[in-house]
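Participant: Sequence first, then the predicted structure, then my questions.
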Amino acid sequence: MTTTPPFAPGSISLRLYPHNELDAPAIVEHLCAMAARAIDVGFDGVMTSEHHGGFAGYLPNPLQVTGFQLAAMDDGWAAPCPLLMPLRPVGLLAEEVAWLDARFPGRVGLGVGPGSLELDFTVVDMELSEAVPRFKADLPRLAAMLRGADLGVLEGDRALAGLAADGRRIPMLTTAMSPAAARRAASVGAGVLYDGASVLSRLRRLSDEHRAAGGTAPRVLLRRVWIGEPPEEAFAAQFEVYQGYTPAERQSHWEGSGWMTGDDPAAIAQELATAVHESGSDALNLRIHAPGIAAERAHEQIEVLGAELLPRLRPLLAAGG
């Protein structure tokens with residue numbers, strides 16, 4: 001396998017979550033084992049995302065876990081995506097990402113978002129109201145630094161300076177759930193990451209806005225899938241969690257719980273390819289986890305997706321849906 005760049009058009013990645021029924025060492029072990037196996041069965045990369053306090057099966061340290069996973073993977077890319085950017089000084093974040101890329105060149109991506117859960121900001125003694133203003137202010141600087149530009153007092157950092165010397169940038173996405181967010185991503189050369197439940201017509205509008213604003217970086221569609229008998233109770237519980245903290249305006253664009261399930265992998269592959277095409281996306285990020293799904297079932301589902309879904313899905317993506 002030849003590693004494709006993170007988030008590359010046509011790529012299919014897997015989103016991984018901790019299994020909170022386990023203790024911490026076992027959680028890390030499974031996150032690394034699932035990442036390695038996902039690449040082995042045909043995924044291009046893996047993503048992990050951030051919340052704090054053990055919230056709903058998320059991680060407080062997705063960048064650190066990305067390093068763990070890359071060390072366990074023989075190939076493929078990994079990315080913290082989304083990482084909550086306002087919780088960190090932007091210069092330190094850029095340094096840490098660049099040094100991880102120095103260890104695993106071309107295999108590190110980054111996705112960022114402003115965050116919307118109050119707990120995450122309480123942890124760092126910050127008001128939730130500060131999240132979006134800080135995100136908007138820091139995004140251009142982070143994007144510049146991840147191509148080795150505008151380093152200021154960090155100009156002596158060898159990893160960041162090396163990006164400029166090599167003429168490359170670390171691929172970056174931002175979450176985008178509004179036209180303004182899509183345009184903002186385009187203005188800094190970033191791609192966008194869409195949520196897992198919004199209607200495709202809404203996402204197509206965001207894609208059109210991103211493209212019209214000069215956006216050339218990938219647009220990545222997140223979708224939740226399960227082949228076989230679905231764990232409906234776990235899906236319903238996860239949906240209630242999202243309803244509890246997602247603003248009503250965003251929920252107005254959701255279409256059900258966002259899960260694609262069934263016994264026919266060919267039909268699911270066609271549905272996914274159609275969703276990518278109709279949303280104006282370039283790449284696909286799949287999720288199989290929800291709190292209450294045991295680690296063993298998640299491992300089994302990765303095997304099923306690799307054997308039954310990916311071989312059917314890739315030709316459809318290449319053909320434009």
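Facilitator: Arrived safely, thanks for sending.
Participant: now the strands: where do they sit in the stretch 201-321 of the chain?
Facilitator: Taking DSSP state E, counting those that start in this stretch as the criterion, the stretch 201-321 of the chain contains strands spanning 219-227, 259-262, 283-287.
Participant: mean pLDDT lowest for which of the ones you listed?
Facilitator: Between the strands of the stretch 201-321 of the chain, the one with the least mean pLDDT is strand 259-262; it has a mean of 89.
Participant: List the neighbouring strands of that strand plus their orientation.
Facilitator: strand 219-227 (parallel) (DSSP bridges).
Participant: Would you mind extracting the C-alpha trace of the strand it pairs with into CSV?
Facilitator: The C-alpha trace of strand 219-227 is given here as CSV (Å, rounded to 0.1, in the frame of the first residue of the first chain):
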residue,chain,number,x,y,z
ARG,A,219,-14.2,18.4,1.5
VAL,A,220,-14.7,15.3,3.7
LEU,A,221,-18.1,13.8,4.4
LEU,A,222,-18.6,11.9,7.7
ARG,A,223,-21.2,9.1,7.6
ARG,A,224,-22.1,6.5,10.2
VAL,A,225,-22.4,3.0,8.9
TRP,A,226,-23.1,-0.6,10.1
ILE,A,227,-23.4,-3.7,8.0
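Participant: Give the buried residues for that strand.
Facilitator: Neighbour-count burial for strand 219-227 flags 219-227 (criterion: 16 or more other CB atoms under 10 Å). All C-beta spots, glycine's among them, are computed from the backbone N, C-alpha and C.
Participant: do stretch 141-156 as well
Facilitator: By 16+ other CB under 10 Å, the buried positions in stretch 141-156 come out as 141-148, 151, 154.
Participant: hey, where'd the helices end up in the stretch 51-200 of the chain?
Facilitator: Using DSSP state H, counting those that start in this stretch, the helices assigned to the stretch 51-200 of the chain run over residues 62-72, 90-103, 118-122, 131-145, 158-166, 179-187, 200-212.
Participant: Double-check Pro179 against Arg211; I have them as touching.
Facilitator: No - between Pro179 and Arg211 there is no contact under CB atoms under 8 Å: 11.8 Å.
Participant: ok, longest helix in this protein?
Facilitator: Counting residues, the longest helix found in the chain (DSSP state H) is helix 24-41.
Participant: returning to what we had before: now the strands of the stretch 201-321 of the chain in CSV, with distance to Leu93?
Facilitator: CSV is the format used below for these (distance: least, CB to CB, whole Å):
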stretch, distance to Leu93
strand 219-227, 20
strand 259-262, 32
strand 283-287, 21
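Participant: Surely Ser13 and Asp44 touch.
Facilitator: Yes - in this structure Ser13 lies within contact range of Asp44 using CB under 8 Å: 5.6 Å.
Participant: For those two, list the residues in contact with both.
Facilitator: Common contact partners of Ser13 and Asp44 (CB atoms under 8 Å, 6 or more residues apart in numbering): Trp77.
Participant: picking that back up, pipe the helices of the stretch 51-200 of the chain into CSV and attach mean pLDDT and distance to Ala266 per row.
Facilitator: Formatted as CSV, the helices of the stretch 51-200 of the chain follow (pLDDT from 0 to 100; distance: least, CB to CB, whole Å):
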stretch, mean pLDDT, distance to Ala266
helix 62-72, 98, 30
helix 90-103, 98, 38
helix 118-122, 96, 40
helix 131-145, 98, 39
helix 158-166, 97, 42
helix 179-187, 98, 32
helix 200-212, 97, 20
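Participant: of those, which approaches Arg312 most closely?
Facilitator: Proximity to Arg312 (CB to CB) singles out helix 200-212 among those, at 20.2 Å.
Participant: quick one: that closest one to chain centroid distance?
Facilitator: Computed by CA atoms, centre = their mean, to the nearest Å, the separation of helix 200-212 from the middle of its chain amounts to 18 Å.
Participant: Report the buried residues of that helix.
Facilitator: The neighbour-count check on helix 200-212 (16+ other CB under 10 Å) flags 200, 202-203, 205-207, 209-210 as buried.
Participant: Report the contact partners of the spatially most central residue of the chain.
Facilitator: Of all residues in the chain, the one closest to the mean position by CA atoms, centre = their mean is Cys81, 3.6 Å from it. Cys81 sits next to 47-49, 62, 109-112, 173, 193, 285 when contact means CB under 8 Å, 6+ apart.
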